[in-house]
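task: produce atomic coordinates for the following.
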Amino acid sequence: MADALATTGSSLPPAFDPAPTVTIVLSTYNERDPLIKPAAPDLSLLATSKAEYVAIAGFRASAVWQAGFVLLCVVTGGVLWIMTTWWPQIYTYLARVRVRSLGVADIVLVRDSHGLMHECAVVHSEGGMVRTFEWKHQRYLYIQQSGSFERVPAMLLDSLESVTRSLQTGLASSVVADRTAFYGPNTMELKTPSLIRLLVEKVVHPFYLFQLISVALWLEEAYTTYALAILAMSISSIAYEVHSQVTNASQMQALVACAIQVQVKRDGGVQSVPASALVLGDFVLVQEQVVAADMVIVVGECMADESSLTGEAIPVSKQPSHDDPTKSVLECHKSSVLCAGSTVVRVKGDSVWAVVTRVGFSTTKGDLLRQILYPDDVPFQMVTDSYRYLLALSIVAGLTSLQRIYDAIQAHSTLGDLVISVFDLISTTIPAALPMILTVGVGFSLTRLQQARLCCIDAQKINVAGHINCFCFDKTGTLTSDHLDFEGVDMCDGSPLTTKPTSRDVEYALASCHGLSVDDQGVVAGYSLERDMFAATEYTLSATTNEVQSPNGGHVSLRYDRRYPFDAALQRSSVVVQASNEPHFRRIYVKGSPEAIADICTGIPSDFYARVHRYASEGLYCVALAMKKMDGYEPATSRATVESDVTFLGFLLFLNPIKAASRGVIETLERANIDVRIITGDNALTAMHVARELNMHLTTSMLYLDVSPSDGSIMYQLYPTSTTWLALGDLDTLLDLDFDLTITGAALDVVIASSLPPLLVSRLVQKAKIFARTKPHTKTWIVGRLMDAGLFVGMTGDGTNDCGALKAAHVGLALSDAEASIGMFLSSAAQIGLGVVRRRVEVRSAVVVAPFTSRGKAIEDVVALLREGRCALTTSLLSFKFMVMYPIIETAMVAYLNHMQASFSNNQYLFGDMFVVLGMSVLMLQTPPAANLTKARPPTSLFSPTIVWSVASQSVVFALYFSATLAVAQRQPWFCALPDVAAGRAHCYPYRPNESGDMTTHAFEVSIVWLLGHWHYVVLAIAFNLNDPFREPAWHNRAFVLYTAAVGAILLGLVLWPGTTASCSDIHEPSRVGNAMAVAWLDLTTPLPLSFCFEMAASCALALVTAVGVEMAVRITFAQS
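Predicted coordinates for the structure are as follows:
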């Protein structure tokens, strides 16, 4: 099948970015292949993105082949149809006709990056010349030139210039109709299957189908109680899943719905239309409400709250783009973009107009929603390993079934009894409850995280957090406070630092060069750095006019002509202002990183870099300030022209104090042998100063790599031992030196652009402890390279400039107190073995830029998350071990009894499976995480030596304990083997066969085997829950301790409590003895001598001691290795 698919390459859902990189394809329109009606020529530019499928094949519908498929379903008794629900491609290949060209296909079969197949219908329109299909809420268009389908997001590629020309009239109705027909409405509809379909899908799922077949056979063999219990659990689970799926779907739909009216300009007038009617290119009158689509501001200014998308709680200013007007609107700076899902909290001036650039699932909100609906696959070795274990158990089931078939033939059993007993063995060997147990364990961890105000939108990542051995930190707002204290201005003229600038230009710069805003109550909103800087001037912001006013009723006001917001790539921001006392020219003020400002200055002081070096080494946050006057300023002047040939004014100095908890967090991680890195956009020397203050484990001197300002080559120095810069020679030799490394983003850019061997680049990234002056995309690249090196990487930041790195890491933690309007629901499924158990989690306050969010913005949550991750992973491993040993023990018991032509009764199965195994296996999952992180780490695989030797050694302990006790019993003079009793050769107790006539539940072997096996469940529960470095001691889990003690007491009570004192003349003992193990409600009606019961109790105690000792020996041995 796979060979028939045409490979196109795979792609993951795009990361959150208001303006992602897209491929612009100019489609050729002609009468033979009009992709879109020529009536809409502005859509001839199509934005195409890489397909999200790996391979695709085309098919056509066929009535003949469809009829053949139906016939095969009838002949196979519906088995074929059930298989198609598991593997949809079977239906496609049997009921459709394969075609060579995708251009004539009615149906396409696509394979995703997980290897799953999906059938999609191709829609033909415009005389059959436009062919599209939808998958994962994205539209794919057939391109005749390439002969393939390309993803066509609903994005507008018009230039700013052409958009502005259309502002007066807006779109024509015909264009609106064409764009609606091609791209669909501006909605995010989530299709919910019908209730009947959901029920059918659940029933035919392998897990539930296996359970229902088991119930039917158990009812046939009169295992009524247990069968009804399992049936009730299955029905309840199916009902809960269907109800949850329908409820969550309806809630999610309500969450993403945008039932508001918007004012748009069409056909030369303003119309009120529903948000769903918006199309690309519409001009929308911005109002104080939820933003219905991605838009770019073209006229006016406003303030928007983007906390639900980025986690940034401070409203941000939005203003018209000042980029090159020939650029596409998709390339506008984010300061001009209103993202769908954000909320406009304030509109400045009379009217603000914006043009719609993305609609539906192509919007920022739509991308985030698709990431929730179709999350990236987490490569987790445990899932793969679990299949291998279950394969091994299936082999055991096959071998024991063959033995059972042989025994049944020898005993002349009926075919029906043989089939039932064989299926009993199979259902015993394969633990159907395993997926549920693993999912419940993660659920307990998720609940504890929520109680600690740690939100999670991807439950699979909790176990992954247990593997983390490298953690990366943003600096500002993460390790240090998000508040910067203004220390003063250095004029570089020999005067001391001052917080009250004496220079008029410096005063004007501090008062105007910022992105602050003020509400009607006079509260200033914006970043703390700019608030402190502005407060030093004592100027006031006007809530109604676009200006700032000098203090004490002064007569000077600064009116804004234009603001250029901070650009992470340029590392600077600027404003164009006009002073009321100087109406004939404009003043331009620029602030940014010293390096960025030095590049655009006409001249800088001779000690410029020395001062920057000194301030940075003292841990001060240094911002350079510059200005110039322009006589002939025009609004169309480019930003590059505005920010050029400026005059340096001085340095703004801020103190960014370290958070009180940061030092303890770093020490805790490094004490646990977790590699700590700092990735920051700040100065390298400042970052190194902070690292020293945090007591990071660093070499006394560090290799500091940067680029030469003269020729752009990489140079280095040994800081702080030497201040001399040296040209980089052999990088390989340099990396061999025993020094930690600090590298700047500029140096990394040179490395990335070079042709260095990948292994050498990997060594460089691994050796670096501090990455400074890094841009957002570089942070993502660094995290990716660390992961490629085999490290399990965690990342934490505030979720703004580092959202790409937070998503790229194995585990990302955003420190944000923002409430999310999306990402409230997560449907995670643990698919292991035969079944799937879905657990829906409501995440009430999660920012979708990272899998985890700390609502308290507490850096201590890093440690809490890792502790919980290790606990969850360890819990999953021990529950897996327990659920593997459970079928091993039960299979051994059932196989032995079947060999003797005996079996357990339904009450015995019920008590063991429900009250002993299920109760303990669920309660043992509730043990909380250990209070401290240690150097020890949980195993990374189910086939790690610790797990394999534990399972193997405990299996040997059980085998010895089981066989030895039975051997002792068989040598007793009172013991009568069941075959002898059945054949009438012994008369120790009356032989009472079951209704089938060939098996019995009344025998010495049944009583002994039942007690031995069920006691060993208790033994394993205790042994596996011995104290480990990742969880609190077991006694902290009171429910588990009390329940296990109660089960053990009941089992020992069954052994030692005297039963009947009837005559034992049938037992080959010369005297009468008391009897035990006679419990009617458990069908243990064949009493054993009390003396032997005491021997069994001693054997049970010995088994407990041995199992605990073996488990401790395994842990100690492999902990040392």
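
drop to CA atoms for contacts and neighbour counts, all remaining ones
Noted.

show the pLDDT at residue 24.
In this prediction, residue 24 carries a pLDDT score of 34.

residue 647 too?
pLDDT for residue 647: 93.

repeat that for residue 825.
pLDDT, read off for residue 825, is 37.

any idea which element residue 1099 lies in?
Per DSSP states H and E, residue 1099 falls inside helix 1090-1120.

tell me how many other residues crowd residue 371.
By the criterion of other CA atoms under 10 Å, residue 371 has 18 neighbours.

let me know the secondary structure of it.
helix (DSSP: H, G, I helix; E, B strand; the rest coil).

make sure residue 764 is actually in contact with residue 737.
No - using CA atoms under 8 Å, residue 764 is not in contact with residue 737, being 11.8 Å away.

between those two, which one's more packed in?
Per other CA under 10 Å, whichever of residue 764 and residue 737 has more neighbours is residue 764, with 20 against 10.

quick one: residues contacting that one.
Residue 764 is in contact with residue 735, counting by CA atoms under 8 Å, 6 or more residues apart in numbering.

the stretch 851-1000 of the chain: helices as residue ranges?
Counting by DSSP state H, counting those that start in this stretch, the segments of the stretch 851-1000 of the chain that form helices are 861-899, 906-910, 919-923, 945-970, 978-983.

tell me which of those lies nearest to residue 55.
helix 861-899 (34.3 Å; CA to CA).

got the angle between the closest one and helix 945-970?
Angular relation of helix 861-899 and helix 945-970 on a 0 to 180 degree scale: 30 degrees, by axes from the mean of the first three to the mean of the last three CA atoms, to 10 degrees.

list the helices and strands the longest strand along the chain packs on?
Counting by DSSP state E, the longest strand found in the chain is strand 343-358. Where contact means 3 or more CA pairs under 8 Å, 6 or more residues apart in numbering; DSSP states H and E, strand 343-358 is packed against strand 283-285, strand 294-305.

chain neighbours aside, what residue packs nearest to residue 62?
Spatially, and ignoring its direct neighbours in sequence, residue 62 is nearest to residue 96 (5.8 Å; CA to CA, 6 or more residues apart in numbering).

surely the one you found touches residue 59?
Yes - counting by CA under 8 Å, residue 59 is a contact partner of residue 96 at 6.0 Å.

show me which of those two is the more surrounded one.
Each of residue 96 and residue 59 has its neighbours counted (other CA under 10 Å); residue 59 has more, 24 against 21.

need the contact list for residue 65.
Neighbours of residue 65 in contact, by CA under 8 Å, 6+ apart: 94-97.

list the ones among those that fall in helices.
Among those, the ones falling in helices (DSSP state H) are 94-95.

so which of the contacts of residue 65 comes closest to residue 441?
Looking across the contacts of residue 65 and measuring by CA to CA, the closest to residue 441 is residue 94, at 40.9 Å.

please state the backbone phi and psi of the residue nearest to the closest one when sequence neighbours are not counted?
With sequence-adjacent residues excluded and distances taken as CA to CA, 6+ apart, residue 94 is closest to residue 69, at 6.1 Å. Dihedral angles of residue 69 (phi, psi; degrees, to the nearest 10) stand at phi -60, psi -40.

before we move on, what about the one 4 residues further on?
Residue 73 has phi and psi values of phi -60, psi -40 when expressed as degrees, to the nearest 10.

that one contacts residue 79, correct?
Yes - between residue 73 and residue 79 there is a contact under CA under 8 Å: 6.7 Å.

which other helices and strands contact the helix or strand containing residue 120?
Per DSSP H and E: residue 120 is located in strand 117-121. Strand 117-121 is packed against helix 88-95, strand 107-111, strand 130-135, with contacts defined by 3+ CA pairs under 8 Å, 6+ apart.

the same query, at a cut-off of 7 Å, please.
helix 88-95, strand 107-111 (3 or more CA pairs under 7 Å, 6 or more residues apart in numbering; DSSP states H and E).

tell me, how many residues neighbour residue 1094?
Neighbours around residue 1094, by other CA under 10 Å: 15.

nearest residue to it other than its sequence neighbours?
residue 1056 (6.5 Å).

quick check: pLDDT value at that neighbour.
pLDDT, residue 1056: 79.

quick one, which of residue 73 and residue 79 is more surrounded?
More crowded of residue 73 and residue 79, by other CA under 10 Å: residue 73, with 16 against 12.

near the nearest residue to the more buried one once chain neighbours are set aside, how many other residues are there?
Once flanking residues are discounted, residue 73 sits nearest to residue 80: 5.3 Å by CA to CA, 6+ apart. Neighbour count of residue 80, defined by other CA under 10 Å: 17.

the one 3 residues further on too?
For residue 83, the neighbour count with other CA under 10 Å is 17.
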